[in-house]
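K.L.:
My questions concern the predicted model and sequence given below.
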Amino acid sequence: MMKYLTEYRDGLLASRMADCIKNTSTRPGRFMEICGTHTVAIFKHGIRDVLPKDVDLVSGPGCPVCVTATRDIDKAIKLARIPDVTVTTFGDMLRVPGSESSLQREKGHGADVRMVYSTMDAVEIARRNREKKVVFLGVGFETTAPTVAAAVIAAEAKGLSNFSVLSSHKLLPPAMDALLSGGELDVTGFMCPGHVSTIIGTAAYEAVAAQYHTPCVVMGFEPLDILQGIYMLVSQVEAGEARVEIQYRRAVAPEGNRNALETMDRVFEPCDAPWRGLGVIPKSGLAFRKAYRALDAEALFDLEVPDSPEPPGCKCGDILRGVKKPVECKLFRHVCTPENPVGPCMVSSEGTCAAYYKYSRL
Amino acid sequence: MCVAAPMKVIEIEGDTIRAELGGTTKEANLSIVDERPEVGDYVIIHAGFALHRIDPEDAKITLALWKEMGVIDEIPD
């Protein structure tokens, strides 16, 4: 038995949980998840199939690869073209198209681009290859950013002057606020991301719930987690409440992970950052603090790139804001496929378009 | 990208643990974990780092809600 997993995958319990939702729900609900892992889990477990008809689930800007601006991809590509640079990255980033190339294509042309599982693997590559300048592409939300900060601290402690990070990290709560304050978003509740919340806790959602009267439930990723989380949202909607609740208690404490937050805060400070589809959102990115600027790839290399337009016809921006579904994009399935992706939402396995392509008959 | 899984700690050496899930083992770094685990504890692991030590009592809060909803009859250990 796999403790903390098996019981959350039990089919009989799941059907009872689905009944609880059906018996409780009398009003329409439109709930947004903001986590690529939720996007995939909802499809994989067929969650939509067991929900009442008027409970709709939509995806928001929860895939870090997808929200990375084309300009930031172009910077990574520019880095990869510098002869003595080794670019290290999580696998998801390799195929994302910049304005005229991708890291994978650069690798095919001889660039030294390596996939790593952990940021510490990138530090190890720097230790073993002192003649190379090893740059890690820091992409990800609050779950990942502390692991990058820990790697920066470790590299500095080891005196690895050939290691640096291109920080394109994103913070989720400012994006939620931007979505809601934009006024075009029509959701009745947020399915808050489980592992981002392991780090940040629930304080940031309190403001969202109060200011926009929108219920927020932090949920896990197993079928029973998601169904229970939806039950909690539905119950709040029925009661006319807008509170922050944690379904995913085994992984999330209200105060979050202070150690990880302090590590992140030691290396990075919030900065304005560009999001694909959402534009520049104040204080939604992470920039190096002065003390660690020697490991900031942005300061070490000339990474100026021209502004780049989005691919013509691509609706990734609207999809990331939750105002369009992939089937409403003319390129979806016809021109844009996982083999030949036009936009990032089709590239990343956790992208909304890739998930719809793989799992949905629509 | 924020995929993470609960794994059982089977070995601790300095700031590194070895953890197991369904027969596969992984190493993870402890430098950003919220609470240092002991062998036998479960931790949430993401990209080579342990993020969180699972407190069995916290896990029971979720199961207590299931019982309240009528989804389970008894809270399992």
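P.N.:
Done, it's in.

K.L.:
can we go C-alpha only for contacts and neighbour counts from here?
P.N.:
Will do.

K.L.:
At the contact with chain B, which residues of the stretch 201-350 of chain A appear?
P.N.:
A:Gln247, A:Tyr248, A:Arg249, A:Arg250, A:Ala251, A:Asn257, A:Arg258, A:Asn259, A:Ala260, A:Thr263, A:Glu350 (Cα under 8 Å from any Cα of the partner chain).

K.L.:
residue contacts, the first one?
P.N.:
If a contact means Cα atoms under 8 Å, 6 or more residues apart in numbering or on different chains, then A:Gln247 has A:Val217, A:Val218, A:Met219, A:Gly220, A:Asp225, A:Gln228, A:Gly229, A:Met232, B:Thr62 as its contacts.

K.L.:
Tell me what the third one is bridged to.
P.N.:
Read that as A:Met219. The bridge-partner assignment for A:Met219, based on DSSP bridges, gives A:Pro193.

K.L.:
Give me the next element, helix or strand, following the longest strand seen in chain A.
P.N.:
If you go by DSSP state E, chain A has its longest strand at strand A:279-288. With elements assigned by DSSP states H and E, the helix or strand that comes after strand A:279-288 is helix A:297-300.

K.L.:
Mind exporting the C-alpha coordinates of that next one to CSV?
P.N.:
Output of helix A:297-300 as CSV, limited to C-alpha atoms (Å, rounded to 0.1, in the frame of the first residue of the first chain):
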residue,chain,number,x,y,z
ALA,A,297,22.7,35.6,-15.5
GLU,A,298,20.9,38.8,-16.5
ALA,A,299,23.8,40.8,-15.0
LEU,A,300,26.5,38.6,-16.3
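
K.L.:
Give me the residues contacting the longest strand of chain A.
P.N.:
Contacts of strand A:279-288 (Cα under 8 Å, 6+ apart): A:167-175, A:178, A:267-275, A:296.

K.L.:
buried set for it?
P.N.:
By neighbour count with 16 or more other Cα atoms under 10 Å in any protein chain shown, strand A:279-288 contains the buried residues A:Val280, A:Ile281, A:Lys283, A:Ser284, A:Gly285, A:Leu286, A:Ala287, A:Phe288.

K.L.:
Equivalent analysis for stretch A:53-63, please.
P.N.:
A:Val55, A:Leu57, A:Val58, A:Ser59, A:Gly60, A:Pro61, A:Gly62, A:Cys63.

K.L.:
Same question for stretch A:220-233.
P.N.:
A:220-233.

K.L.:
How about stretch B:65-75?
P.N.:
Going by 16+ other Cα under 10 Å, stretch B:65-75 has these buried residues: B:Trp66, B:Val71, B:Ile72.

K.L.:
returning to what we had before: now list the buried members of the contacts of strand A:279-288.
P.N.:
Judged by 16+ other Cα under 10 Å, buried ones among the contacts of strand A:279-288: A:167-175, A:178, A:267-268, A:270-271, A:273-275, A:296.

K.L.:
ok so, going back, of the buried residues of stretch A:53-63, closest to chain B?
P.N.:
Among the buried residues of stretch A:53-63, A:Cys63 lies closest to chain B (Cα to the nearest Cα), at 7.1 Å.

K.L.:
Quick check: the closest residue to A:Cys336 other than its chain neighbours vs A:His334, distance?
P.N.:
Nearest non-adjacent residue to A:Cys336, counting by Cα to Cα, 6 or more residues apart in numbering or on different chains: A:Val342, 5.3 Å away. With distances taken as Cα to Cα, to the nearest Å, A:Val342 is found 11 Å from A:His334.
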